[in-house]
Structures are given as C-alpha cells and as structure tokens.
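>>> pasting the sequence and the predicted coordinates here, then a few questions.
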Amino acid sequence: MTEFEYLEIGYEYGQAAAGFAPGLLRNLLSRVGRRAAPKIPDIVLKLKRDWSTADKYYANAESEKWLGSFWDVDSPFRPLFDRLDHDHIIELACGHGRHSWQMREWPNRKTLVDFVEANIAFCRRRFEGYDDVSFVVNNGRDLSGIESESATSLFCYDAMVHFHHTLVGPYLIDSARVLVRGGMALLHHSNYAKNPDGDYRENPHARAFMSPDLFARYATAAGLVVVEQRVVSWDADKDLDAITLLRKP
C-alpha cells in the first residue's frame, strides 16, 4: 500500500463534501494512479471493536498527569488550542469526554462525536445538566450529522494517533465541510512512519502509520491550510507524535 492510496476514498468523499477539493484530489490521482484501497468499513469495524472494550484505558486517561500533558499551560498542545475560536467546538473521537470536560464551565457550544455508542451514552450522563453540549454518534469515517459550516473549531486528542491513514483523508475533507471559513482544526496524530500495512496495535503506544509530511499532504488535498506543525514525544518515546493546526481558507 502506498501513502497515496487513501486518495481513492478521499476523492469519493470530496465529491460529496460540498465541492471541497475534488479537483485537487483528481489531479493527485492522475499523477499517482488509481490503486485498490483497503475497505473502509472493515477498518472502521476493527477500530470500533478495539475501542468498545477499552474501559481501563478510559479510566487511566482521566489521571491528572495524562490530562496535564494536554491542558497544562506549559504543554505543547495548550498554546495551539488557545488559538482556536471556541464559540462552537467539535471534539472528534471524544471517548468518555475527558477533554471537553475541561471546558464544562466555558460559555461555548460543544459537540462531542464518537463512533462507539457506549462512549456517547457515557458522555450524556457525564454532561447531564449542561445545556450547551450536544452529542453525535458518527460512522467512524466522517462527520455526518453535523451541519455544514457550523463549527468555529474542531479538535481531536489522543485518538487520531490510532486511525488508519485511509480514514484520515475523509475526516479532513469532512472537517473542511463543517468548519466556518477561517475556522481551525487542531489534530493530534501519529509520527510513526513505519509498518504501514501492519496492525497498529503492534506499534509503540498503538500508533498508526503517519508522518507530519503525509498529514500535511492529506490536509492540502482536503482544501485546508497547514498553519503549524509540532513534533512531540509521548512518554519515553521521543518524537512519536505530532500536532497539526489547520485552517479553512
């Protein structure tokens, strides 16, 4: 599998995403040729099975140390997050909602998205009484169910690092659809550029195949502008991850 095979799927999504980037995707496809892409439903089903039985992970991820790696003022994530317009923010792959919970008292609109029904049910209980929070069970490959040009920002922490790269392209294209013009997306993804055809669970910290350069290519193909990228470590694994800040022009 080559790094561009996702474009076969990305082109189909581009056609359906209000005209975002299909021309660019078509040009890229003409240069690299059409290749048989993996079946997205199979990839989504496998990922869903893995994260439907991850209660121990979700409990551990609530720890102060784990959350602090994203929310502390000296975290590499926090200054990028503070550049987002939080008026209506989408959290993609929210899990049990630990990151949006940090904003529970903020006077903004929050939309929590996850493809595991039990996770959204957990979040509904967690955020009971908060009127500015909505919930979407998505299909694991796009943001259907969210209105076009309705969100001022989107973020995804500690989840896209596990996404097969053929899912990243469609998610970026649909992120462009739901963001208002000038809206930004902050995405935490893998920087593990090895084992592209293997099981992500065999890689360090279950990181999927990805790199900042490849991610930037996908974002550009989706019609988004790369504002900033940072390579970051995860635990003792130096430079295992990356953070990309994107803007919809």
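All right, it came through fine.
>>> R217 and H164, how far apart?
In this view, R217 and H164 are 16 Å apart by Cβ to Cβ, to the nearest Å. For the C-beta atoms, the positions are set from N, CA and C on the backbone; glycine is no exception.
>>> in stretch 77-84, what counts as buried?
77, 80-81, 84 (16 or more other Cβ atoms under 10 Å).
>>> quick check: R125 is in a strand.
No. R125: not assigned to a strand; according to DSSP: H, G, I helix; E, B strand; the rest coil it is helix.
>>> for the helix ranked longest in the chain, packing partners?
Of all segments of type helix in the chain, defined using DSSP state H, the longest is helix 165-178. If you count contacts as 3 or more Cβ pairs under 8 Å, 6 or more residues apart in numbering; DSSP states H and E, helix 165-178 packs onto helix 6-16, helix 40-51, strand 88-92, strand 151-156, strand 179-190, helix 212-221.
>>> so for G145, which of the ones you listed sits nearest?
Taking Cβ to Cβ, strand 88-92 is the member of the helices and strands packed on helix 165-178 nearest to G145, at 10.9 Å.
>>> give me the sheet partners of that closest one and which way each runs.
Here strand 88-92 is paired, per DSSP bridges, with strand 109-114 (parallel), strand 151-156 (parallel).
>>> distance from the chain centre to it, please.
10 Å (Cα atoms, centre = their mean, to the nearest Å).
>>> next, the angle from it to strand 179-190.
30 degrees (axes from the mean of the first three to the mean of the last three Cα atoms, to 10 degrees).
>>> ok, the closest residue to F155 other than its chain neighbours - how many residues close by?
Nearest-residue entry for F155: L186, 4.4 Å, with adjacent residues in sequence omitted and distances by Cβ to Cβ, 6 or more residues apart in numbering. L186 has 22 neighbouring residues, counting by other Cβ atoms under 10 Å.
>>> quick one: residues contacting L186.
77, 80-81, 84, 153-156, 243-246 (Cβ atoms under 8 Å, 6 or more residues apart in numbering).
>>> closest one of these to G182?
Closest approach to G182 among the contacts of L186 (Cβ to Cβ): S153, at 10.0 Å.
>>> can you classify the closest residue to the closest one other than its chain neighbours by secondary structure?
Nearest residue to S153 in three dimensions, chain neighbours excluded: L84, at 3.9 Å (Cβ to Cβ, 6+ apart). At L84 the chain is in coil, as set by three-state DSSP.
>>> isn't L84 right next to G182, touching?
No. Using Cβ atoms under 8 Å, L84 is not in contact with G182, being 11.1 Å away.
>>> roughly how far does W66 sit from D235?
Counting by Cβ to Cβ - W66 and D235 are separated by 10 Å.
>>> who has more neighbours, the two?
More crowded of W66 and D235, by other Cβ under 10 Å: W66, with 13 against 9.
>>> now do the contacts for the more buried one.
N60.
>>> quick one: what helix or strand has it in it?
helix 64-71 (DSSP states H and E).
>>> what lies in contact with the helix or strand following that helix?
Counting by DSSP H and E, the next helix or strand C-terminal to helix 64-71 is helix 78-81. For helix 78-81, contacts defined as Cβ under 8 Å, 6+ apart pick out 70-72, 155, 186, 228, 230, 243, 245.
>>> state the number of residues packed around I43.
I43 has 18 nearby residues by other Cβ under 10 Å.
>>> before we move on, what about G169?
Neighbourhood size, G169 [other Cβ under 10 Å]: 29.
>>> same thing with E228?
13.
>>> kindly report the same for D241.
23.
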